[in-house]
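Novice: Show me how the following folds:
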Amino acid sequence: MREYETIFVLRPDLEDEEIEEKIDRIKGVINNNDSEIIDEDIWGQKSLAYEINDYRSGHYTVLTFESDGSVVDELKRNYKIMDSVIRYLVVKNED
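Specialist: Alright, predicted model coming up:
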């Protein structure tokens with residue numbers, strides 16, 4: 001199994017309950033595909049380097065997980081259908 005890291009930015013106008021629900025949904029995608037979350041780092045609301053979809057800030061979350069790689073496509077599919085995600089990135093950690 002390889003180590004991956006994903007970061008995603010949620011819209012800043014979401015309520016705390018909605019943010020928690022979206023984070024739990026992404027964590028569920030990882031956990032339901034025989035993967036294990038190693039680390040969770042919630043950065044909170046930060047300013048964006050440039051405006052995205054008329055937003056100047058967003059709620060950042062970073063998850064580090066171990067997987068065989070099959071979860072990456074499923075994660076990307078979920079990010080694309082979630083209208084509350086304004087940006088995302090999934091990378092393989094090379095240690």
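
Novice: what about residue 13, is that helix, strand or coil?
Specialist: coil (DSSP: H, G, I helix; E, B strand; the rest coil).

Novice: Which pLDDT value goes with it?
Specialist: For residue 13, the pLDDT comes out at 93.

Novice: which residue packs closest to it, ignoring adjacent ones?
Specialist: Residue nearest to residue 13 in three dimensions, not counting chain neighbours: residue 55, with 8.0 Å by Cβ to Cβ, 6 or more residues apart in numbering. Just so you know, the C-beta spots here come from the backbone N, C-alpha and C atoms, and that holds for glycine as well.

Novice: again with residue 56
Specialist: residue 48 (6.0 Å).

Novice: That neighbour - how many residues pack around it?
Specialist: Residue 48: 15 surrounding residues under other Cβ atoms under 10 Å.

Novice: For the residue nearest to residue 13, give its distance to residue 25.
Specialist: For residue 55, the distance to residue 25 equals 20 Å [Cβ to Cβ, to the nearest Å].

Novice: Compare neighbour counts for those two and give me the winner.
Specialist: A count of neighbours by other Cβ under 10 Å puts residue 55 above the other of residue 55 and residue 25, at 15 against 12.

Novice: Report the next helix or strand after the helix or strand hosting residue 72 in sequence order.
Specialist: Element membership of residue 72 [criterion: DSSP states H and E] is helix 70-81. Sequence order places strand 85-92 as the next helix or strand after helix 70-81, per DSSP H and E.

Novice: Tell me the buried residues in that next one?
Specialist: The neighbour-count check on strand 85-92 (16 or more other Cβ atoms under 10 Å) flags 85, 86, 88, 90 as buried.
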